[in-house]
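Q: Mind looking at a prediction? Sequence and model below.
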Amino acid sequence: ARRAGGVLRRLLMVAGVILCVLAILVALAWLNRRAVTRQVLVGWLEREGVPADVDIQRIEMDGVVARVRIGDPRNPDVTIERVEVDYAIGSPWSKHGLGVTPTRIRLVRPVARVSLRGGKLSLGSLDPLVKKFTGRPPQPDSRSPLVLVERARVRVDTDYGPANILGDARVEDGKLMRLVARMPATALRSGDRLDARDLGAAVDLTTTGDRVALRVTASAASAAVPGAQGRGVNLTLTGDLPYPDLKTRRGDGRARVDLALTADRLAEGDNAARGVDARLLFDGTTAGWIEAFRIGGQTTADLRADRLEGAVAGQGTRLRLTGAATVLDRTGEGFGWRVEGPADITAARIAGAGLEGSGVRLSAARLVVGGRGAAMEAQGGLALAADRLAMDDLSLTGARGAVRLDMVADGAVRIDAQGSLRAARGAWPLFGPPARDDIAELGEMKRALSAFAVDIPAFTLATGDSGTRLTLDRPATLTPANGGVLTLRPAAAP
């Protein structure tokens, strides 16, 4: 018994010595915790191929505060003035075992350099680390930490020049809950692909549940891309959208978008609009992802232009759509769109395809307009009212009519229209103005064609590469103010 007691005392003494040594080691580690933590973090980053330097400012049992630099010290890819990491230490018998789990990460004044060239995003020396973590499948039972980003500055080097983005963000469990960012006005240019001056933008995003409230504003003193130009452009978009599912790469759900656009001038090819003011409200659904999607719903729009130039010239033009069925999609054949519903078009003055008009209004109970790529087409029945219409020497005042329109624009504009037309007063000086030396019959004919009422029950208007052609499908009558009736018959009629 005495011998056993001695053994026990020696064992207790050894255990006590070991505990003392461990206590001393723990104390030394705690006293040198900043250096130890720095070596661990820097060593881990360097093993991942990321050159870095970490300045530990404070470390506790449940958190660490540091300053971080990643990349070349002379031109770092990322610097973070203050990093706060709160973490929980798991016990060996816990569900996930012994380890450290970050619960909150706060980044104060991070500055990053990002490259976006050829459609590829690069974070410089962070690329290997990003690739490693994004390539991992998510842990089903794991929860990502709360991430707070405050007063961030990102310099984006693009094919068109550098741009700076400033902002704040909040991410909860991998979900973007809040984003406020802006791009100060900058100039972007790359040959004939893009030329933008004083281009600026701002984004304000808030996520609630599975919905996203979004507001985007953008403006440019001027911007040009192949085939299109704009000057004095301002855009505001607000939306209530579904939060995208990044795992399945889907963005399905109800979508409501309100868009407002103003521009001093917008142009496509040889056609231009000045003093543009457009407002669009869409309420519908979205499905799919960026590569292939479908957006469908109802659209109400009001588009105005002070002046039109090009194939169609005009002043004081306006287009209104009310509750029009709308589809926008992207397939292997490119972008496509279709709008179907009631429409109303007005113009103080308008000219195109050999026709001129003033005080013109076209209204349709059902107009179908759509296209894919650069091509578009329009079909529908239109009611026409105009203070004045003119084609060559023929002019009509107080015109009323109906037209069935079929238009195609795919580089050239082709119009086929069938309809009817009446006018309270017309003038068609085929033989010139009346003269004193006119014979009686010629004088009466000239006076008859200088003032008459017209009724054209059926006509066809066709425009294309060969010009504009107007033909009568049924006899038309002209009732001169000086009496009588003149009947014009189709050329093929007997």
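A: It's in.

Q: in what helix or strand does the nearest residue to residue 350 once chain neighbours are set aside lie?
A: Of all residues not flanking residue 350 in the chain, residue 314 sits nearest, at 4.0 Å (Cβ to Cβ, 6 or more residues apart in numbering). Yep, even glycine has a C-beta here, placed from its N, CA and C like the rest. Assessed by DSSP states H and E, residue 314 sits inside strand 312-331.

Q: List the beta-bridge partners for the nearest residue in space to residue 405 that is not next to it in sequence.
A: Leaving out its chain neighbours, the residue that sits closest to residue 405 by Cβ to Cβ, 6+ apart is residue 417, at 5.1 Å. Under DSSP bridges, the beta-bridge partners of residue 417 are residue 405, residue 461.

Q: got a pLDDT number for residue 417?
A: Residue 417 carries a pLDDT value of 90.

Q: now swap in residue 458 and tell me
A: pLDDT, residue 458: 93.

Q: Just the element for it, please.
A: Here residue 458 is assigned to strand 452-464, by DSSP H and E.

Q: Show me which parts of that strand are buried, residue by residue.
A: Buried residues in strand 452-464, defined by neighbour count with 16 or more other Cβ atoms under 10 Å: 452-454, 456, 459, 461-463.

Q: before we move on, what about stretch 171-186?
A: Buried residues in stretch 171-186, counted by 16+ other Cβ under 10 Å: 171, 176-177, 179, 181, 183, 186.

Q: Among the residues you listed, give me the pair with the biggest separation.
A: Put simply, by Cβ to Cβ the two of these set farthest apart are 177 and 186, 28.0 Å from each other.

Q: As a check, name the ranges of all helices in the stretch 251-400 of the chain.
A: With helices called from DSSP state H, counting those that start in this stretch, the stretch 251-400 of the chain shows none.

Q: can you give me the strands for it?
A: Shown for the stretch 251-400 of the chain, the strands assigned by DSSP state E, counting those that start in this stretch span residues 253-268, 271-288, 293-309, 312-331, 334-352, 355-372, 375-391, 394-409.

Q: List of residues touching stretch 339-351?
A: Stretch 339-351 is contacted by residues 299, 308, 312-326, 356-370, 380 when judged by Cβ atoms under 8 Å, 6 or more residues apart in numbering.

Q: any idea of the mean pLDDT for it?
A: pLDDT averaged over stretch 339-351 gives 95.

Q: one step back: among the buried residues of stretch 171-186, which are in strands?
A: Using DSSP state E, the members of those that fall in strands are 171, 176-177, 179, 181, 183, 186.

Q: List the neighbouring strands of the strand holding residue 314 plus their orientation.
A: strand 293-309 (antiparallel), strand 334-352 (antiparallel).

Q: just how off-centre is the first one within its chain?
A: It stands for strand 293-309. Centroid separation for strand 293-309 versus its chain: 13 Å, with Cα atoms, centre = their mean, to the nearest Å.

Q: and it, which residues are buried?
A: By 16+ other Cβ under 10 Å, the buried positions in strand 293-309 come out as 293-297, 299-305, 307-308.

Q: Not counting that strand itself, show me its contacts.
A: So strand 293-309 is contacted by 251, 255, 271-288, 314-330, 339, 341, 350 (Cβ under 8 Å, 6+ apart).

Q: Mind doing that once more with 7 Å?
A: 255, 271-288, 314-330, 339 (Cβ atoms under 7 Å, 6 or more residues apart in numbering).

Q: Just the buried ones from the residues you listed?
A: Buried subset of those (neighbour count, 16+ other Cβ under 10 Å): 255, 272-276, 278-284, 286-288, 314-317, 319-321, 324, 326-330, 339.

Q: what about the stretch 101-250 of the chain, any weak spots by pLDDT?
A: 130, 132-142 (pLDDT under 70).

Q: Low-confidence regions, the stretch 351-494 of the chain specifically.
A: Along the stretch 351-494 of the chain, the parts satisfying pLDDT under 70 run over 492-494.

Q: one more time with 50
A: In the predicted model of the stretch 351-494 of the chain, residues 493-494 satisfy pLDDT under 50.

Q: quick one, the strand holding residue 458 and strand 375-391 angle?
A: 150 degrees (axes from the mean of the first three to the mean of the last three Cα atoms, to 10 degrees).

Q: other SSEs contacting strand 452-464?
A: Applying 3 or more Cβ pairs under 7 Å, 6 or more residues apart in numbering; DSSP states H and E, one finds that strand 452-464 makes contact with strand 413-427, strand 467-472, strand 476-480.

Q: Just list what the longest one packs against, helices and strands only.
A: Just to be clear, that refers to strand 413-427. Strand 413-427 packs on strand 394-409, strand 452-464, going by 3+ Cβ pairs under 7 Å, 6+ apart.

Q: Only C-alpha atoms, please: export that strand in PDB.
A: The C-alpha atoms that make up strand 413-427 are tabulated as PDB, following Å, rounded to 0.1, in the frame of the first residue of the first chain:
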ATOM      1  CA  VAL A 413     -38.300  50.000 -94.000                       C
ATOM      2  CA  ARG A 414     -41.100  48.300 -95.900                       C
ATOM      3  CA  ILE A 415     -44.700  49.300 -95.400                       C
ATOM      4  CA  ASP A 416     -47.900  47.700 -96.800                       C
ATOM      5  CA  ALA A 417     -51.100  49.400 -95.700                       C
ATOM      6  CA  GLN A 418     -54.700  48.900 -96.800                       C
ATOM      7  CA  GLY A 419     -57.400  51.300 -95.800                       C
ATOM      8  CA  SER A 420     -59.900  54.000 -96.400                       C
ATOM      9  CA  LEU A 421     -59.800  57.700 -96.200                       C
ATOM     10  CA  ARG A 422     -62.200  60.700 -96.200                       C
ATOM     11  CA  ALA A 423     -61.400  64.400 -96.100                       C
ATOM     12  CA  ALA A 424     -63.600  67.500 -95.800                       C
ATOM     13  CA  ARG A 425     -61.300  69.500 -98.100                       C
ATOM     14  CA  GLY A 426     -58.600  68.600-100.600                       C
ATOM     15  CA  ALA A 427     -56.400  70.200-103.200                       C
END
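
Q: buried sites along it?
A: For strand 413-427, by 16+ other Cβ under 10 Å, it's 413, 415, 417-423, 426.

Q: Quick one: the helices and strands packed on strand 413-427 as a markdown table, columns for distance to residue 167 too.
A: Formatted as a markdown table, those follow (distance: least, Cβ to Cβ, whole Å):
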| stretch | distance to residue 167 |
| --- | --- |
| strand 394-409 | 41 |
| strand 452-464 | 51 |
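
Q: Okay, and the beta partners of residue 307?
A: When assigned by DSSP bridges, residue 307 has beta-bridge partners residue 274, residue 315.

Q: Likewise for residue 205?
A: Beta-bridge partners, per DSSP bridges, of residue 205: residue 179, residue 214.

Q: burial count for it?
A: Residue 205 has 18 neighbours, counted by other Cβ atoms under 10 Å.

Q: wait, it sits on residue 216?
A: No - counting by Cβ atoms under 7 Å, residue 205 stays clear of residue 216, with 8.8 Å between them.

Q: Output the buried residues of strand 293-309 in TSV, with distance to residue 398 and pLDDT appended to each entry.
A: Listed next are the buried residues of strand 293-309 as TSV, based on distance: Cβ to Cβ, whole Å; pLDDT from 0 to 100:
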residue	distance to residue 398	pLDDT
293	48	92
294	46	94
295	43	95
296	42	96
297	40	96
299	33	96
300	31	96
301	30	95
302	27	97
303	27	96
304	25	97
305	26	97
307	25	96
308	24	95
